[in-house]
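Next one to model:
(one chain, ligands or ions: 1)
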Amino acid sequence: MIDPEDQPLREAAASKLFSGPVDFLLSAPQLQFLPEPLVPEIAFCGRSNVGKSSLLNALTGRRAIARASVTPGRTQELNFFDVGRPEDEDPLPLFRLVDMPGYGFAKAPVKVVEKWKSLVKSYLRGRQVLSRTLVLVDSRHGLKQVDRDMMTMLDEAAVSYRIVLTKTDKIKASELAAVAEKTAAEAKKHVAAYPDIHLTSAEKGMGIAALRVAVLWPMPWVRAGREERAAFEGQIKQIHKRDRVGS
Ligand code: GDP
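Residues are numbered from 1 along each chain as shown. Prediction:
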């Protein structure tokens, strides 16, 4: 559980890490084209049209980083984006965002689906640097069979994941509460799913800062600079000290 007292600081730190330069690295149609596993990766999965590109843009505060993924021919590939640090001389980024192919597209030929499944499965199973995995679900529709299949695939690959409800601005608060509750109940039945469900709107910015914290926290896995981490931890300590004095 995140101490609510620390949340604004964590959000500021996470937002800073996401605000560095973001560069499209490559598109991998097959495993042999994956980048060298030297940097932590955060993978984004979801049905086509779930709002994946919009969420990637919102997290990084960009307008169109995920444009490459809508280029014809790239929708069935794993698209990698480097998130770096401004004026960093280190050639390696802090972490990478991995835009997974959208699933559940209507009338896809069986061969295409099989190819997709095998690429995704092998990536998820064998990627040592895979640090966080997000399964995006449209809040208007809730979990569909294809999402459940994806969750089962992740359970079997022993990859833990968080469910993110998207486009929450499109439904009423009461409907959102109901879909969140239902999704959380289903998540409990999946061994590798986090119990907490994230509610987001890329359009309105809701839940974006909290999601940045959730994916980056705890930070030591990020290739953040030592000074950045030390400064951040110093701030947290100060808050704890202040609270102790105040109580
Ligand atoms: P992708 O296919 O999963 O990458 O989905 P996109 O990000 O391209 O979004 C699909 C559609 O949903 C687009 O028309 C977006 O403008 C819309 N969309 C995405 N996120 C949101 C959101 O948070 N709120 C609203 N109202 N629309 C959204």
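
where does the protein have low pLDDT?
Using pLDDT under 70 as the threshold, the predicted model of the chain has low-confidence ranges 1-5, 66-75, 86-89, 105-106, 219-247.

which bits of it sit near the ligand?
Residues of the chain found near the ligand (Cβ under 6 Å from any ligand atom) are 46, 48-54, 102, 166-167, 169-170, 201-203. Heads up, the C-betas are built off the backbone N, CA and C, glycines and all.

From those, keep the buried residues only.
When burial is judged by neighbour count using 16 or more other Cβ atoms under 10 Å, the buried members of the residues of the chain next to the ligand are 46, 50-54, 102, 166-167, 201-202.

and those as TSV, adding secondary structure?
Conversion of these to TSV gives the following (DSSP: H, G, I helix; E, B strand; the rest coil):
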residue	secondary structure
Gly46	strand
Val50	coil
Gly51	coil
Lys52	helix
Ser53	helix
Ser54	helix
Gly102	coil
Thr166	strand
Lys167	coil
Ser201	coil
Ala202	coil
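
residue closest to the middle of the protein?
Leu134 (4.4 Å; Cα atoms, centre = their mean).

what about it, distance to Ala214?
9 Å (Cβ to Cβ, to the nearest Å).

tell me, what's touching the two both at once?
Shared contacts of Leu134 and Ala214 (Cβ atoms under 8 Å, 6 or more residues apart in numbering): 162, 198.

after the longest strand along the chain, next one along is what?
Within the chain, and with DSSP state E defining each element, the longest strand by residue count is strand 130-138. Using DSSP states H and E, the helix or strand that follows strand 130-138 towards the C-terminus is helix 145-157.

Could you list the residues in contact with that following helix?
Contacts of helix 145-157 from elsewhere in the structure, counted by Cβ under 8 Å, 6+ apart, are 45-47, 103-104, 117, 120-121, 124-125, 133, 135, 137, 160-161, 163, 186-187, 190-193.

Please name the nearest non-neighbouring residue to Leu25.
Phe80 (4.2 Å; Cβ to Cβ, 6 or more residues apart in numbering).

Can you pull the phi/psi pair for that neighbour?
phi -110, psi 130 (degrees, to the nearest 10).

Touching, it and Ala28? I think so.
Yes. Under the criterion of Cβ atoms under 8 Å, Phe80 makes contact with Ala28 at 7.0 Å.

the more surrounded of the two?
Here Phe80 and Ala28 are set side by side on neighbour count (other Cβ atoms under 10 Å), and the busier one is Phe80, at 22 against 18.

thinking again about what came up before, now the common contact residues for Phe80 and Ala28.
Counting by Cβ under 8 Å, 6+ apart, the residues touching both Phe80 and Ala28 are 34-35.

What is the burial count for the closest residue to Ser19 other than its chain neighbours?
Taking Cβ to Cβ, 6+ apart, and ignoring the residues beside it in sequence, Ser19 has Gly61 as its nearest neighbour in space, at 6.0 Å. Per other Cβ under 10 Å, the neighbour tally for Gly61 reads 14.

quick one, what contacts Val39?
Under the criterion of Cβ under 8 Å, 6+ apart, the contact list for Val39 reads 82, 92-96, 129, 223.

In three-state terms, label it for me.
Criterion first, three-state DSSP; result for Val39: coil.
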